[in-house]
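**Student:** Just the structure for this:
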Amino acid sequence: MAEMPPLPQQPIREDAGLTRSELMPFRSTKISLRKSRMLVPLIALAVTCVALFVLKIGLQTTEDVVAYMNVLCAFMLFAMFAAIYFYAGERKGMLWYLVPAAVVVIQLLVSPILHLYFYVFRTLLPGNMKGDTFLPNFIGMFFGAGLMEELLKAVPTLLALFLAYRLRSKNSPGNRVTRNLALQGPLDGVLMGVAAGAGFIAIETMLQYVPSAMRGGPGGNAALQALHGLLLMVPRVLNGLVGHMAYAGIFGYFIGLAVSHRRSLFTLLAIGWVLAASLHAFWNSVAYLLGLWGWYVSAALTLFFFLACLLKAKQLEVSRLGGPIDGHSVLAVSPPPGTAPVGPAGVVPPPAAGIAGMFTGVATAAEKLAGVAARTTVPNPGAVPADAAPVAPAPMPAAGLSIGNASARYALAPNQAIDFSALFGAAGVPPGCLGAILPAAEGGLEIRNTGSAPWSYATPDGATASVQPGASLRPLAGAKLLLGTATIEIASY
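**Tutor:** Predicted structure coming up:
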C-alpha cells in the first residue's frame, strides 16, 4: 500500500464567505476564457463529437461512412499536433499553424503543381526505380517519395523563412499577420513542419489510400468495404508522428536554424532535406531488407531523430528568449549553485546523462556540422562582485543566454546586476559600464544600461544601434555589445 502524504502543518482556515466570482466563475474578471490555450482544443473536441453523433444517426450510404472517417481523421491529426504544440510551449497561437497545412493541401489539390513535382522527381530523376531488393527500392523511394514529398511539405516553412529574412532586411517588426507567418526559429519550424505533415496525411489518406482500400474490400459488401477503409485510416493517421509529420518536423527544425544562421542557409537546408528524405525512403523500402520487423526499426529511428530535434528546438527557443528551463525537464538538469570553473569559450559542455543526453547530442552534432557556433562552457554565475549587485541574483538557469569573450562567459539570469568593467576590464571595457538583467514584459530578458555612458549593440544580422543610459536592449544569441575597445558576445548555452 502506498504511503499517504503527510498532512499540512497548519490547518486550512475557513474564509469569511463565498464570493460571486467563486459561485459564477464565468463572471470573474481575473480569468479570460478567450485567452485560454485550451479554448481551441475544447471547441474542436465538442464540434467533432457532435458531428460524429450526427453522422452516425444518418449513416446510410458509403459516402456517409467516408464523411464520418474524414471528421475522425481530421480530429486525430489535430489532437496529435496539439500534443506536440502544448509540449513545445510555443507562444504563437495554435490557429496560425492552419496556414502551413493549407499550403500543403493546395499543392496536392492543384493538378499542375502536383504534376510538376511528379515530372521532376519521378521522370527527370530516378523516382520510379523499383526492384526486388532493398537498394533499388530505396533509391527510387529517396527521389520519388522522400525528396519530392519532403520538399512539398517544406514549402510553407521555406516561405515563412524568406518572410523572416524580408522583415529583417527592412528592419521591420511587421504587423500582426506577418509576425505570426514569419518563421521565428527551430521550434516554430518543427511545429510548422508537423502541421504541414498533418495536411499531407489528411489528403493522401482520405483521397488516395482509403478509397483504394475500400475498392479492394469484398465486392458487393459495403459494410466490409467501409471497414477496410477505416482499418487503414486509423494506423496511417497514428503513424504520422513517426511518419509524415515527423519527417516534415525534422526538416522544419533545420529550416528554423537558418533564421539565425543565414550564412549556413544552404548547408542547413541540404542536411534537413536529405535526412528527412532518407528516413522517409527507409520506411518505404525497409521491408525488402528486414521484412515486417523493419517497420519497427524505421519507426524507432524516425522517433529518435524527431524527438532529438524537438528537444533541441525547445532548448534553443528558451535560449533565444533568455528564459529558464523547468528543472524537471528532460532537456537539462539545473547545475548546482555556486561558482563554476571558467574555461575557454566555444567548448561544448558534456551532454546530460541518459536518454536526454543521447537525444540532445544528436541534434547538437548536426548543428555543429552545419557550421553553427559552438556552445559555451558552463558559465560562472558567482564572478559578479557582490558590491556590484544591488539585487540578489537568481539561480543560474539550466539553459539560456550568456555574455563573454574568448576567455570567460557568464550566465544571464533575471534580477542581476552586471559591472562589465569588472568582468571584462582587461579586454578594454572602460569603467562605469554597468547594466541590469531584468525580466522583459513580453517574456524573456532585457539588459538595461544603468551606467552613464551609451553602448553600441550589433544585432545578429550586423545592424548596429545605440543604447543610451536608462534604455534597454533585447539580448539575442549571436548579437554583440561593443563597449570601449571590447566586443562582448551574447550566445546561448
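
**Student:** What is the three-state secondary structure of P475?
**Tutor:** Look at P475: counting by DSSP: H, G, I helix; E, B strand; the rest coil, its state is coil.

**Student:** Roughly how far does it sit from A458?
**Tutor:** 12 Å (C-beta to C-beta, to the nearest Å). Using the backbone N, CA and C atoms, a C-beta is placed for each residue, glycine as well.

**Student:** Over to M214?
**Tutor:** 61 Å.

**Student:** now A426
**Tutor:** Counting by C-beta to C-beta - A426 and A458 are separated by 21 Å.

**Student:** Comparing those two, which shows the higher neighbour count?
**Tutor:** A458 (17 against 11; other C-beta atoms under 10 Å).

**Student:** Just list whatever residues bridge to the closest residue to the more buried one other than its chain neighbours.
**Tutor:** The spatially closest residue to A458, leaving aside those adjacent along the chain, is K480, at 4.4 Å (C-beta to C-beta, 6 or more residues apart in numbering). Beta-bridge pairing for K480 (DSSP bridges): A458, E489.

**Student:** these two touch, right, K480 and W455?
**Tutor:** No - shown here, K480 and W455 do not form a contact pair, counting by C-beta atoms under 8 Å, at 10.5 Å.

**Student:** how many neighbours does L159 have?
**Tutor:** Burial of L159 is recorded as 17 neighbouring residues (other C-beta under 10 Å).

**Student:** OK, contacts around it?
**Tutor:** By C-beta atoms under 8 Å, 6 or more residues apart in numbering, the contact set of L159 is V103.

**Student:** so where does it fall, helix or strand?
**Tutor:** L159 is part of helix 148-169, with elements assigned from DSSP states H and E.

**Student:** For that helix, give the mean pLDDT please.
**Tutor:** Computed over helix 148-169, the mean pLDDT rounds to 94.

**Student:** Beyond it, next helix or strand please.
**Tutor:** Sequence-wise, the next helix or strand downstream of helix 148-169 (DSSP H and E) is helix 176-181.

**Student:** Just the buried residues of the next helix or strand after that next one, please?
**Tutor:** Sequence order places helix 186-204 as the next helix or strand after helix 176-181, per DSSP H and E. Burial within helix 186-204, assessed by neighbour count using 16 or more other C-beta atoms under 10 Å, is assigned to 186-203.

**Student:** what comes into contact with the helix or strand that comes right after helix 186-204?
**Tutor:** Sequence-wise, the next helix or strand downstream of helix 186-204 (DSSP H and E) is helix 210-215. Identification of contacts with helix 210-215 by C-beta under 8 Å, 6+ apart yields 62, 66, 69, 225-226, 228-229, 231-233.

**Student:** Dump those to CSV, plus pLDDT and distance to T29.
**Tutor:** What follows is the contacts of helix 210-215, written out as CSV (pLDDT from 0 to 100; distance: C-beta to C-beta, whole Å):
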residue, pLDDT, distance to T29
T62, 83, 52
V66, 89, 47
M69, 92, 44
Q225, 84, 56
A226, 86, 51
H228, 87, 54
G229, 88, 50
L231, 90, 51
L232, 90, 50
M233, 92, 45
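
**Student:** List buried residues within the residues you listed.
**Tutor:** A residue is treated as buried here by neighbour count (16+ other C-beta under 10 Å); on that basis the buried members of the contacts of helix 210-215 are 66, 69, 225-226, 228-229, 232-233.

**Student:** So which of those is the closest to V318?
**Tutor:** Out of these, the one with the shortest distance to V318 is M233. That distance is 37.2 Å, counting by C-beta to C-beta.

**Student:** does H228 really touch Y209, like I thought?
**Tutor:** No - applying C-beta under 8 Å, one finds H228 not in contact with Y209, separated by 10.7 Å.

**Student:** for the one helix or strand A300 maps to, which positions count as buried?
**Tutor:** Under the criterion DSSP H and E, the helix or strand holding A300 is helix 293-321. Neighbour-count burial for helix 293-321, counted by 16+ other C-beta under 10 Å, picks out 294, 298-299, 301-302, 304-321.

**Student:** next one: stretch 75-82
**Tutor:** By neighbour count on 16+ other C-beta under 10 Å, the buried set for stretch 75-82 is 75-78, 80-82.

**Student:** what's the answer for stretch 457-476, then?
**Tutor:** Neighbour-count burial for stretch 457-476 flags 457-460, 467, 472-473, 475-476 (criterion: 16+ other C-beta under 10 Å).

**Student:** low pLDDT regions in the stretch 201-350 of the chain?
**Tutor:** In the predicted model of the stretch 201-350 of the chain, residues 217, 219-220, 319-350 satisfy pLDDT under 70.

**Student:** Sorry, slip of the keys, the one I care about is the stretch 1-150 of the chain.
**Tutor:** Ranges of the stretch 1-150 of the chain meeting pLDDT under 70: 1-16.

**Student:** A102 touches F200, doesn't it?
**Tutor:** No - at 11.6 Å, A102 and F200 do not qualify as touching, with contact defined as C-beta under 8 Å.

**Student:** List the contacts of A160.
**Tutor:** Counting by C-beta under 8 Å, 6+ apart, A160 touches 100, 181-183, 188, 192.

**Student:** On the three-state scheme, A453 is what?
**Tutor:** When the rule is three-state DSSP, A453 gets the label coil.

**Student:** The helix holding L159: how far from the chain's middle?
**Tutor:** With C-alpha atoms, centre = their mean, to the nearest Å as the basis, helix 148-169 stands 15 Å off its chain's centre.

**Student:** now swap in stretch 228-244 and tell me
**Tutor:** Here the centre of stretch 228-244 is set off from its chain's centre by 23 Å, with C-alpha atoms, centre = their mean.

**Student:** Stretch 426-444 too?
**Tutor:** Averaging C-alpha positions (C-alpha atoms, centre = their mean) puts stretch 426-444 29 Å from its chain's average.
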